[in-house]
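[1] Dropping a prediction and its sequence here:
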Amino acid sequence: MNEEELKKKLTPEQYHVLRERGTEAPFTGKYVHETKKGMYTCAACGNQLFSSDTKFDSGTGWPSFTQPLTKENILEKKDQSYGMSRVEVKSRGGSHLGHLFPDGPGPTGMRYCINSASLRFIPKEDLEKEGYGEFKKLFEK
């Protein structure tokens, strides 16, 4: 999908976060307090990113996860912007998602701090009809 198509598909905030490396204000994102079971995908490319089973309340104001659902869909890149040394988290499609910090809970000790605007949540009961049926087994416990 080219940039013009993405501008039509995404809201202005989503485009700013995903394509211009923006950040939504803390505690304003629609998934900060989401507790339903399901999967989070990239709002731009649809790649599978995170499971609700690895989501936790970090108290930071952004959805946080201990690990990606499918590691190959996540890119980690050094980020030296704003006088800080961080690790940027991007989707395999090249869109900015958030940042990775080594201060999360077990089992990984990592915190994937992700902007809600970069995500699309698919409840477990909708995975099949949305084309992600192979992930339904993750929630059949």
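    Thanks, I have it. Residues are numbered from 1 along each chain as shown.

[2] buried residues in stretch 36-47?
    38-47 (16 or more other CB atoms under 10 Å). No exception for glycine: its C-beta is placed from N, CA and C like everyone else's.

[3] Tyr40: what's it in contact with?
    31, 49-52, 55, 63, 65, 69, 114, 119-122 (CB atoms under 8 Å, 6 or more residues apart in numbering).

[4] From these, which one has the minimum pLDDT?
    For those, the weakest pLDDT value sits at Leu69, with 94.

[5] Can you spell out which residues form a bridge with the residue nearest to that one when sequence neighbours are not counted?
    Leaving out its chain neighbours, the residue that sits closest to Leu69 by CB to CB, 6 or more residues apart in numbering is Ser51, at 4.7 Å. For Ser51, the beta-bridge partners are Met39 (DSSP bridges).

[6] Closest to Asn2 out of the buried residues of stretch 36-47?
    Nearest to Asn2 out of the buried residues of stretch 36-47 is Ala44 (CB to CB; 11.5 Å).

[7] Which pLDDT value does the model give the nearest residue to the closest one once chain neighbours are set aside?
    Spatially, and ignoring its direct neighbours in sequence, Ala44 is nearest to Ser95 (4.5 Å; CB to CB, 6+ apart). On pLDDT, Ser95 comes in at 96.

[8] Torsion angles phi and psi at Ser95?
    phi -90, psi 140 (degrees, to the nearest 10).

[9] do the same with Gln48
    Torsion angles, degrees, to the nearest 10, at Gln48: phi -70, psi 130.

[10] average pLDDT for stretch 132-141?
    88.
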